[in-house]
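Chemist: sequence below, structure please.
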Amino acid sequence: MSLSPDAAPLSRRPAVLLLHGLCANPLELMPVAKALRSVGYVVEVPAMAGYGITAAAGLRAPVPPFEDWLAEAERRFDALAAEHDSVAVGGLCMGAVLGLALAARRPAAALVLMSTTLHFDGWNVSPWRRLLPLAYLPFLRQRMSFQETAPFGLKNERLRAWVAQAMATSQVSAVGAARLSAAALYESTRLIRHVRGRLGQLGQPALVLHATEDDVAGPRSVHELQARLGAAPEVHWFGDSYHMLTLDNERDVVARRVCDFLLRHLPVASSPSGVLHDHHHA
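Modeler: Next comes the predicted model:
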């Protein structure tokens, strides 16, 4: 006989902290969060001021240093850790990088790294990125921004059209802001440098999910994780999606991979014989 997820007391159930991408919002992680909740995890997907984006704030909001993003992520982790025996950390794009920085500071039980961006080298990265060092000069940094262009990390054409419409009308969509400020990109490069030197410290189970045709971050980011993480990660490649794995054509498979990985490493509930319940597929 197997227990249902509800049979485990809340505090015994592992929690999962999911971090969205830079200048994005929690919507992009909702399919994964929903699947995890359906198998019994307690999931938090916080909207973080100064890191995420809302239509109201837009690009007018100043961008704080990445240390502020990390401090906010630590606060979110600590709040979950106070209530739950174990907390896994996951993220998409720069959220995966922020999750790695967090795991170097806090005892994350497992890592879920989706479209991890340690290098901006995907096939749709504009040549203007070569000019980024110029944009990082303090007097230009707060003034310059860069337009996001199709395919917006999506191979699914219907979703792509919806995103383009949302960006045109409100400057923000489920995949993030219509423009990225130079200040935000500058802080993301500082965060990447910070994380790169700490990868060897991270020995917990790690799941790496990445598109073979990621338009923002090519395979090099995955290869770096495989070479430098303290323990070899479990890697899955996706051939029918771009950067926004959690929303694109294979979002259901992505969510299932995350559930399967966490159920193996952080069981939600088990029968007296130690057998996992069979609610694997959301």
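
Chemist: what sits against Trp237?
Modeler: His210, Ala211, Thr212 (Cβ atoms under 8 Å, 6 or more residues apart in numbering). The way it works is simple: take the backbone N, C-alpha and C, and place the C-beta from them, glycine included.

Chemist: so what does whichever helix or strand the first one is part of touch, helix or strand wise?
Modeler: So that's His210. Using DSSP states H and E, His210 falls within strand 206-211. Applying 3 or more Cβ pairs under 8 Å, 6 or more residues apart in numbering; DSSP states H and E, one finds that strand 206-211 contacts strand 111-114, helix 220-228, strand 234-238, helix 251-265.

Chemist: please produce JSON lines containing those, extended by mean pLDDT and distance to Leu70.
Modeler: Formatted as JSON lines, these follow (pLDDT from 0 to 100; distance: least, Cβ to Cβ, whole Å):
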{"stretch": "strand 111-114", "mean pLDDT": "98", "distance to Leu70": "15"}
{"stretch": "helix 220-228", "mean pLDDT": "97", "distance to Leu70": "19"}
{"stretch": "strand 234-238", "mean pLDDT": "98", "distance to Leu70": "25"}
{"stretch": "helix 251-265", "mean pLDDT": "97", "distance to Leu70": "23"}
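
Chemist: winner for burial among the ones you listed?
Modeler: Of these, the one with the most neighbours on average (mean count of other Cβ atoms under 10 Å) is strand 111-114, at a mean of 28.

Chemist: let me know the pLDDT of Pro107.
Modeler: On the pLDDT scale, Pro107 is placed at 95.

Chemist: wait, Ser273
Modeler: Reported pLDDT for Ser273: 30.

Chemist: over to the one 3 residues further on?
Modeler: In this prediction, Leu276 carries a pLDDT score of 37.

Chemist: and for Pro9?
Modeler: 61.

Chemist: name the element Ala217 belongs to?
Modeler: Using DSSP H and E, no helix or strand contains Ala217.

Chemist: verify the stated contact: it with Met114.
Modeler: No. Using Cβ atoms under 8 Å, Ala217 is not in contact with Met114; the gap is 10.6 Å.

Chemist: between those two, what contacts are shared?
Modeler: Common neighbours of Ala217 and Met114 (Cβ under 8 Å, 6+ apart) are Cys93, His210.

Chemist: which residues in this protein form strands?
Modeler: For the chain, strands defined by DSSP state E occupy the ranges 15-19, 42-44, 87-92, 111-114, 145-147, 172-173, 176-177, 179-181, 206-211, 234-238.

Chemist: okay, those strands in JSON lines with distance to Arg264 next?
Modeler: Shown next, in JSON lines, are these (distance: least, Cβ to Cβ, whole Å):
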{"stretch": "strand 15-19", "distance to Arg264": "14"}
{"stretch": "strand 42-44", "distance to Arg264": "17"}
{"stretch": "strand 87-92", "distance to Arg264": "12"}
{"stretch": "strand 111-114", "distance to Arg264": "12"}
{"stretch": "strand 145-147", "distance to Arg264": "40"}
{"stretch": "strand 172-173", "distance to Arg264": "34"}
{"stretch": "strand 176-177", "distance to Arg264": "31"}
{"stretch": "strand 179-181", "distance to Arg264": "36"}
{"stretch": "strand 206-211", "distance to Arg264": "10"}
{"stretch": "strand 234-238", "distance to Arg264": "9"}
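
Chemist: which one, of those strands, ends up nearest to Tyr51?
Modeler: Nearest to Tyr51 among these is strand 15-19; the distance by Cβ to Cβ comes to 8.5 Å.

Chemist: mean confidence for that closest one?
Modeler: 97.

Chemist: quick one: residues in contact with the strand holding His210.
Modeler: 110-116, 217, 219, 221-222, 225-226, 229, 231, 233-239, 241-243, 245, 248, 254, 257-258, 261.

Chemist: where does pLDDT dip in the stretch 151-282 of the chain?
Modeler: 151-157, 159-181, 270-282 (pLDDT under 70).

Chemist: state the distance from Ala104 to Ala88.
Modeler: Remark: distance between Ala104 and Ala88 (Cβ to Cβ, to the nearest Å) = 15 Å.

Chemist: out of these two, which sits in the more crowded spot?
Modeler: Ala88 (29 against 17; other Cβ atoms under 10 Å).

Chemist: right, and the strands of the chain - which one's nearest Asp68?
Modeler: From the strands of the chain, taking Cβ to Cβ, the stretch that ends up closest is strand 15-19, at 13.9 Å.
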